[in-house]
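1. one predicted model, sequence on top.
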Amino acid sequence: SSSSSSPRDTGNTSYRGKVKPVRADRHKRLCELPELERAQAREFNRLAAQSYRNKVRRYVESLVVRLQELDGEQQELRKEVAYLRSERDVLLRQVRASGGFQGRV
């Protein structure tokens, strides 16, 4: 078994300025592939990236739509607040005119 690990296998090795062995190995394997398989791998990666970009774009578009909906709701609520304030003012004037609050409001 590989339980006896040397001190260098702790994962703390610094690869600054060097290619990490895992990446180098992956790159080497990719380079050793026949051209057809390499082209297929490139195409797969291209399609995966395109799919991800489309998902992100759809998500952002949905956020924009929701933002517009909220903006509309906010405008409606502002109109309602303005209407309620004017109603309140009318009622306060009527109450004052009838001598109801004796000037406390």
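-> Yep, that arrived. Residues are numbered from 1 along each chain as shown.
2. in this protein, which spans are strands?
-> In the chain, no strands are defined using DSSP state E.
3. so, low pLDDT: which residues of it?
-> Applying pLDDT under 70 to the chain flags the ranges 1-15, 19, 101-105.
4. what do you get if the cut-off is 80, keeping everything else the same?
-> Residue ranges of the chain with pLDDT under 80: 1-24, 26-27, 30, 100-105.
5. just the helices from it, written as ranges.
-> 21-32, 35-97 (DSSP state H).
6. now mean neighbour count too, for those helices, in JSON lines please.
-> For every residue, glycine as well, the C-beta is placed using N, CA and C. Below are the helices of the chain laid out as JSON lines (neighbours: other C-beta atoms under 10 Å):
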{"stretch": "helix 21-32", "mean neighbour count": "10"}
{"stretch": "helix 35-97", "mean neighbour count": "10"}
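7. for residue 91, what are its contacts?
-> Counting by C-beta atoms under 8 Å, 6 or more residues apart in numbering, residue 91 makes contact with nothing.
8. report the separation between it and residue 31.
-> Per C-beta to C-beta, to the nearest Å, residue 91 is found 82 Å from residue 31.
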